[in-house]
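1. With the input below, show me the fold.
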Amino acid sequence: MKDHIDAVESNNPGGEEELQRLLAPDVDSLPLCPPSAVQSNFVSYFAPDFMKPGHDQYVYRHANGLCVIGLAPSHVAFKDKVGVTAVDFNVGKTDRSGIKVTGKRKKNAQHFESNSALCKVCTNDASYIVRCCVKGNLLEVNDRLIKQPGLLNSSMLADREGYIAIIMPKPADWLKIKASLIDIEEYKKLKDLC
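-> Prediction:
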């Protein structure tokens with residue numbers, strides 16, 4: 001065994017330093033703060049001016065295919081001084097917050113088109129319809145927004161707790177939808193958020 005270790009070390013001079021470099025990264029090259037769970041686990045897409053000017057929405061897509069839908073920071077509802085004051089999921093023919101999906105096959109999931117209404121967000125001055133942006137099955141809406149609409153206004157909580165809904169698109173539908181969305185870099189350039 002000792003002969004084997006000596007042979008490996010003789011074939012790899014400076015192996016100790018390389019091992020140390022791989023195991024302990026240079027502290028100066030690390031980011032100041034670690035990436036959030038959204039940044040690590042999702043690919044961010046945006047639908048600017050969806051259906052109407054200023055109605056910007058985000059679509060966070062997970063590797064498993066699920067899409068989280070919410071209001072982009074540049075949405076017209078956030079231009080109001082107070083921000084969003086109420087969220088109503090009772091749009092269309094049914095109350096979206098009453099949908100309960102069960103089981104592996106997502107029984108009771110309703111199928112929505114990309115222009116289907118998810119909810120209505122209200123400010124002091126106006127109300128805005130939030131659309132699906134993604135064709136697929138509605139798995140969940142964020143019921144907490146009914147009692148706590150301020151979750152949408154907080155820049156710290158909007159990504160994690162201020163989402164509107166979770167949609168499961170079919171893979172073929174996602175490829176069509178993806179072509180109409182822009183990534184985060186294009187979104188920042190478009191909205192001058194650099």
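
2. contacts and neighbour counts: CA atoms only from here.
-> OK.

3. give me the low-pLDDT residue ranges for the protein?
-> 1-14, 156-157, 193-194 (pLDDT under 70).

4. ok, residues contacting stretch 48-61?
-> Identification of contacts with stretch 48-61 by CA atoms under 8 Å, 6 or more residues apart in numbering yields 38, 42-47, 67-76, 115, 130-131, 133, 181, 187.

5. Check stretch 93-106 too.
-> Taking CA under 8 Å, 6+ apart as the rule, stretch 93-106 contacts 89, 90, 107, 108, 109, 118, 119, 139, 140, 141, 142, 143.

6. before we move on, what about stretch 63-83?
-> Counting by CA under 8 Å, 6+ apart, 41-42, 46, 54-61, 84, 121-125, 127-128, 130, 132-133, 150, 152-153, 155, 162-169, 171, 191 sit against stretch 63-83.

7. Mark which of these are buried, thanks.
-> Taking 16 or more other CA atoms under 10 Å as the criterion, what is buried in the contacts of stretch 63-83 is 42, 46, 55-61, 84, 121-123, 127-128, 130, 132-133, 150, 152-153, 162-169.

8. quick one: which of the residues you listed sit in helices?
-> Among the buried ones among the contacts of stretch 63-83, no member falls in helices (criterion: DSSP state H).

9. Identify the bridge partners of the most centrally placed residue in the chain.
-> Per CA atoms, centre = their mean, the C-alpha nearest to the average position across the chain is that of residue 60, at 2.7 Å. Residue 60 has the following beta-bridge partners by DSSP bridges: residue 44, residue 68.

10. Look up how far residue 21 lies from it.
-> As judged by CA to CA, to the nearest Å, residue 60 and residue 21 stand 34 Å apart.

11. in this protein, which spans are helices?
-> For the chain, the helices defined by DSSP H occupy 2-11, 15-23, 37-41, 144-147, 171-178, 184-191.

12. dump the residue contacts of the closest residue to residue 161 other than its chain neighbours.
-> Counting by CA to CA, 6 or more residues apart in numbering, residue 161 lies nearest to residue 151, which is 6.4 Å off, once chain neighbours are set aside. For residue 151, the contact set (CA under 8 Å, 6+ apart) comprises 145, 157, 158, 161, 162.

13. same deal with residue 124?
-> Neighbour list for residue 124: 80, 82, 83, 84, 85 [criterion: CA under 8 Å, 6+ apart].

14. Could you identify the most distant pair in these?
-> 80 and 85 (10.0 Å; CA to CA).

15. Looking only at neighbour counts, state which of those two leads.
-> Neighbours were tallied for residue 80 and for residue 85 using other CA atoms under 10 Å; the higher tally belongs to residue 85 (21 against 12).

16. residues in contact with the more buried one?
-> Residues near residue 85 by CA under 8 Å, 6+ apart: 121, 122, 123, 124, 149, 150.

17. Adding distance to residue 15, write the residues you listed out as CSV.
-> Formatted as CSV, the contacts of residue 85 follow (distance: CA to CA, whole Å):
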residue, distance to residue 15
121, 60
122, 62
123, 62
124, 65
149, 56
150, 55
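
18. Many thanks, I have nothing further to ask.
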